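S.K.: build me a model:
(2 chains, ligands or ions: 1)
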Amino acid sequence: MTYILRNGRVVDPANGRDAVLDVEVRDGVIARIGANLEAPAGATVLDVPAGCIVTPGLIDMHVHLREPGQEHKETVASGVAAAVAGGFTAVACMPNTSPVNDSAAVTRYIVDKAAAAGLARVYPIGAASVGSKGEQMAEIGELKAAGCVAVSDDGHPIRTALLMRRVLEYAGMLDVLVIDHCEDPTLKGDGVVHEGAVASELGLRGIPGEAEELWIERDITLAGLTKTPVHVAHLSTAGSLRAVRAGKARGIAVTCEVTPHHFVMTDEALRGYDTNTKMNPPLRPQADVDALVEGLADGSVDVIATDHAPHHADEKALSYDQAPFGITGLETAVPLTFDRLVHTGRIDLARMVELLSVNPARILKVPGGSLTEGAPADITVLAPDLAVTIRAASQKSLSKNMPFEGWTLKGGVAATIVGGRLVYRNPAVDGLEGWPTAPVQ
Amino acid sequence: MSGPTPVTALSGRHLLGISDLTPREITLVLDTADAMREVGERQIKKVPALRGRTIVNLFFEPSTRTRTSFEIAEKRLSADTLNLAVSTSSVVKGETLLDTVSNIEAMQPDMLVVRHASSGACEQLARHCRSRIVNAGDGLHEHPTQALLDAYTIRQHKGRLDGLQVAIVGDLLHSRVLRSNLLLLRKMGATVRVAAPRPLVPVGIEAMGAIPCRTIEEALEGADVVMMLRIQLERMQNNFFPSLREYFTLFGLTSERLALAKPDAIVMHPGPMNRGVEIASDVADGPRAVILEQVANGVAVRMAVLYLLGGSDE
Ligand SMILES: [Zn+2]
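M.R.: Numbering: from 1, shown residues only, chains lettered A, B, ... in the order given. The predicted structure follows:
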């Protein structure tokens, strides 16, 4: 099947493109990109709505899909439906399922479920240690062979410096990325929110930002020792960013990601004890948020990732200290990024695409990140001026734990195309009426 | 007549914390407590103010002192009362706060007096409950009736709160009594100096209006009121300080140290006291101590709060 996306503003920083162009998709592959392409015989022409942007498919390198084991929170199928509705053509899922994804059997199970769902691509991340317990290294070779693109004990830091060193060396040998959830568990103690004036006032136990910073310094030092890349998950403080910048300046291969909730919310949101503001790392004060936005703008942050962490309403209805950490994020990332970073002039569109597509593809070494002729047609069509009101009830994720209910933001997703198939079409966007009905609505 | 119209009722439906009260509302509670204290001095210690109303004392965390004080207050106001101790361990795993309270609400109480080990639990409940909620202590957050009874006791002795120098010494980090007192005293114009071993000082306590001191001596200097907070014995195991002995040496209230305060300074403690840990026995039993008055005033203040929240129809 052949079709042409006609007259969209193509923003493809990897190929240096930002112009109104046509994109021809043939048999699931990007066939041609150019101005005023002549439609081949039998090709459908899909007019891109005025003002919409055609970008390489967005990639979320940090999500939790909960299957196997916690299907009441999310399944692979519901997770990828949420992903494509959020504009993501691919997601990388963390191994803290039940059982933990520390074996080829679990990895293959996830890969099969993803294939059956047939929406976004799913790249499993294997556990760095058996059961993510921080004791014995997982069979990273086997995990890679089964389809894992990275290893992490996310949810927990990789526990000892010695194990981290070995994992970096071993995974590095296999060209598998190591992602660490950076947090000194001894300094965290029984903290549940950022340690600061707000926590003290509310009587909630604090986690100092330094718990994260110490661990990042450790990991950067070990990445230097082993000459192996390390990726810092959900970085959240100014001090952490300083450490990453210093590491990069020393020539160490350290990359990092920031979540939308950390660049749009502060610990002031804890007032009222809404457990949908409980996440790990915790919401930080304004100075940290400002530093993260600066890092997103100046290139020191590599990736925006959501840390999409679905939890059932019953668990989030517990008291604040007992409720689980985490919020959903797949369906709010694009509106939050547009509204708070692009429309405020903090970053431009090309940088947005770098953060959400180019860099995650490069860091994970997976396809995508560019609209290159001959590459699989993973494409996201963005509607930068769309008024989006966030409603949990209309989201595809099985869980509704997010603190953005009722927020109205400017910018959203128009359509998502994976391997040439239109997998999501936003009914709120005018001008898509002639497009084929997507498999999910 | 000039000046503001007097406040005659609380504006909120609930008493979740001192943070919800204005200075005028605090004064109203204290003035009302004056009248309630008089009830306690009668031979028949009962008024019909809350007759026909049902109050459930819902204690997720045991506290005989606070529960008893509320219970006496409720009975003196002629309310029907029910005590429910919900041990957190026996709460079915995963049962939410709301599940528990929905069951109780089905019995149509008018008010819930709630004690819970988690900060914010009362505020979370208040969002969903029909009943009026009185916070009887939530986690490390607030214990508003304790602060009100402390303020009442201070006002009794000093005639005012405005302009007083108050020293609060002890486990500041884990103390809801500290948080509520700090909020109340600052609202009413008192100066609050605090002292504790550094690991027990909450980060950002200055932002709440306290003046942190390095030593107990610095905090006590010229104080009108000395408020000691309980040290929980298990804190020692968590390395907040090395030993009870050293704690007493560095932060215990002795009569020598108390001499640094004003000659007419009063000594308070929310109880139960660890004698020889936060306070020397001779001070605890000495003429400056108003610790038992605090207990007596607790009933009057709780009567005032219950009366002001539940004494009239909406
Ligand atoms: Zn994590």
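S.K.: from here on, just use CA atoms for contacts and neighbour counts.
M.R.: Noted.
S.K.: below-threshold pLDDT in the chain: ranges please.
M.R.: Because you didn't say which chain, this covers chain A. Counting by pLDDT under 70, chain A shows low-confidence ranges at A:438-441.
S.K.: my question was about chain B
M.R.: Chain B contains residues with pLDDT under 70 at B:1-7, B:87-95, B:311-314.
S.K.: near chain A, which residues of it are found?
M.R.: B:94-98, B:118-121, B:123-124, B:139-142, B:173-174, B:176, B:179, B:202-205, B:207-208 (Cα under 8 Å from any Cα of the partner chain).
S.K.: ok, of those, which come out buried?
M.R.: When the residues of chain B next to chain A are checked for burial by 16 or more other Cα atoms under 10 Å in any protein chain shown, the buried set is B:96-98, B:118-121, B:123-124, B:139-142, B:173-174, B:176, B:179, B:202-205.
S.K.: what's the helix or strand that contains B:Ala73 in contact with?
M.R.: In the assignment (DSSP states H and E), B:Ala73 maps to helix B:64-76. Helix B:64-76 is contacted from outside by B:39-40, B:45-47, B:50, B:55, B:57, B:59, B:80-81, B:136, B:295, B:298-300, B:302-303, B:306, using Cα atoms under 8 Å, 6 or more residues apart in numbering or on different chains.
S.K.: can I get the buried part of the residues you listed as one PyMOL selection?
M.R.: Selection of buried members from the contacts of helix B:64-76 for PyMOL, criterion 16+ other Cα under 10 Å:
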select buried, chain B and resi 39+40+45+46+50+55+57+59+80+81+136+295+298+299+300+302+303+306
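S.K.: among the contacts of helix B:64-76, which are in strands?
M.R.: B:55, B:57, B:59, B:80-81, B:136 (DSSP state E).
S.K.: which two from those residues end up farthest apart in space?
M.R.: Greatest spatial distance among the ones in strands among the contacts of helix B:64-76 (Cα to Cα): B:Asp80 and B:Ala136, at 18.1 Å.
S.K.: list the strands paired with the helix or strand hosting A:His231, with their directions.
M.R.: If you go by DSSP H and E, A:His231 is part of strand A:230-232. Strands adjacent to strand A:230-232 in the sheet, as given by DSSP bridges, are strand A:177-180 (parallel), strand A:254-258 (parallel).
S.K.: could those be laid out in a markdown table, adding distance to B:Leu164?
M.R.: Converted to a markdown table, the strands paired with strand A:230-232 look like this (distance: least, Cα to Cα, whole Å):
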| stretch | distance to B:Leu164 |
| --- | --- |
| strand A:177-180 | 52 |
| strand A:254-258 | 48 |
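S.K.: out of these, deepest packed?
M.R.: Mean neighbours per residue, mean count of other Cα atoms under 10 Å in any protein chain shown, is largest over these for strand A:177-180, with a mean of 26.
S.K.: next helix or strand past that one?
M.R.: Where DSSP H and E defines the elements, the next helix or strand beyond strand A:177-180 is helix A:185-188.
S.K.: quick one: name whatever helix or strand follows that next one.
M.R.: Using DSSP H and E, the helix or strand that follows helix A:185-188 in sequence is strand A:193-194.
S.K.: any residues touching the longest helix along chain A, and which ones?
M.R.: Counting residues, the longest helix found in chain A (DSSP state H) is helix A:210-226. Under the contact criterion Cα under 8 Å, 6+ apart, helix A:210-226 has outside partners A:161, A:164-165, A:168-169, A:182-185, A:187-188, A:229-230, A:232, A:235, A:237, A:239-240, A:243-244, A:247, A:252-254.
S.K.: is it correct that A:Ala116 falls within a helix?
M.R.: Yes: membership of A:Ala116 in a helix is supported by DSSP: H, G, I helix; E, B strand; the rest coil.
S.K.: how about residues contacting the helix or strand harbouring B:Val177?
M.R.: Using DSSP H and E, B:Val177 maps to helix B:176-187. Applying Cα under 8 Å, 6+ apart, the external contacts of helix B:176-187 come out as A:201, A:203, B:17-19, B:22-23, B:137-144, B:146-148, B:150-151, B:161, B:168, B:172, B:191-192, B:208-210, B:229, B:270.
S.K.: now do the SS call for the residue of the stretch 151-300 of chain B found nearest the ion.
M.R.: Nearest residue of the stretch 151-300 of chain B to the ion: B:Val203, at 24.9 Å (Cα to the ion). Secondary structure assignment for B:Val203 (three-state DSSP): coil.
S.K.: give the contact list for it.
M.R.: Contacts for B:Val203 (Cα under 8 Å, 6+ apart) come out as A:195-197, A:200.
S.K.: report all helices and strands that whatever helix or strand comes next after the helix holding B:Val177 contacts.
M.R.: Toward the C-terminus, helix B:176-187 is succeeded by strand B:191-195 as the next helix or strand (DSSP H and E). If you count contacts as 3 or more Cα pairs under 8 Å, 6 or more residues apart in numbering or on different chains; DSSP states H and E, strand B:191-195 packs onto strand B:165-169, helix B:176-187, strand B:211-213, helix B:216-220.
S.K.: ok, the shortest one: who's next to it in the sheet?
M.R.: Think strand B:211-213. When pairing is defined by DSSP bridges, strand B:211-213 lines up against strand B:191-195 (parallel).
S.K.: pull the number of nearby residues for whichever residue of the stretch 251-400 of chain A sits closest to chain B.
M.R.: Chain B sits closest to A:Leu318 of the stretch 251-400 of chain A, with a gap of 4.9 Å, by Cα to the nearest Cα. As a burial measure, A:Leu318 scores 21 neighbours (other Cα atoms under 10 Å in any protein chain shown).
S.K.: go ahead and confirm it touches B:Ser118.
M.R.: No: the criterion here is Cα atoms under 8 Å, and A:Leu318 misses it with B:Ser118 at 9.7 Å.
S.K.: isn't there a helix covering A:Pro335?
M.R.: Yes: assignment of A:Pro335 by three-state DSSP places it within a helix.
S.K.: check contacts around it.
M.R.: Applying Cα under 8 Å, 6+ apart, we find A:Pro335 in contact with A:388, A:409-413.
S.K.: please name the nearest non-neighbouring residue to the residue of the stretch 151-300 of chain B found nearest chain A.
M.R.: At 4.3 Å from chain A, B:Gly204 is the closest residue in the stretch 151-300 of chain B, using Cα to the nearest Cα. Spatially, and ignoring its direct neighbours in sequence, B:Gly204 is nearest to A:Ala197 (4.3 Å; Cα to Cα, 6 or more residues apart in numbering or on different chains).
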